[in-house]
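Participant: pasting the sequence and the predicted coordinates here, then a few questions.
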Amino acid sequence: MYGKGKSRSLAINLVKSITKNENKKVKYFRFTDIAMEYAGICKENIGNARTYLKDILKHDIIVIDDIGKKRITDNA
């Protein structure tokens with residue numbers, strides 16, 4: 001059973017359990033989306049890539065889903 005949002009639901013509930021009533025900044029990513037976006041930004045300007053990473057790292061909790069699910073390019 002693929003693509004039903006199981007791991008996303010699990011991640012959301014896990015984050016809620018961990019943070020309870022705390023005010024935490026949480027960001028959820030699918031690995032392929034963040035990797036492709038970052039690669040595109042790197043091609044444009046490495047300075048923009050650093051800013052992109054800094055913006056991501058401002059969050060208290062970062063959830064990255066689907067690591068290893070599919071290849072980003074034909075060579076990797």
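Facilitator: The structure has been received and is ready for your questions.

Participant: when you work out contacts or count neighbours from here on, use the C-alpha atoms and nothing else.
Facilitator: Fine.

Participant: show me where the chain has its strands.
Facilitator: 26-30, 61-65 (DSSP state E).

Participant: and the residue lying closest to D65 once chain neighbours are set aside, how far from I46?
Facilitator: Nearest residue to D65, sequence neighbours excluded (CA to CA, 6 or more residues apart in numbering): R30, at 4.7 Å. With distances taken as CA to CA, to the nearest Å, R30 is found 22 Å from I46.

Participant: and N23, how many neighbours does it have?
Facilitator: Using other CA atoms under 10 Å, the number of residues around N23 comes to 8.

Participant: could you do Y52 as well?
Facilitator: The number of residues packed near Y52 is 15, by other CA under 10 Å.

Participant: contacting residues for it?
Facilitator: Y38 (CA atoms under 8 Å, 6 or more residues apart in numbering).

Participant: mind listing the helices for the chain?
Facilitator: Remark: helices assigned in the chain by DSSP state H are 6-19, 31-44, 46-57.

Participant: flag every buried residue along the shortest one.
Facilitator: The neighbour-count check on helix 46-57 (16 or more other CA atoms under 10 Å) flags A49 as buried.

Participant: centroid residue for this structure?
Facilitator: Residue closest to the average C-alpha location in the chain (CA atoms, centre = their mean): F29, at 2.5 Å.

Participant: isn't that residue right up against V63?
Facilitator: Yes - at 6.1 Å, F29 counts as touching V63 under the criterion of CA atoms under 8 Å.

Participant: coming back round to it: and the residue nearest to D65, how far is that from I64?
Facilitator: Distance from R30 to I64, by CA to CA: 6 Å.
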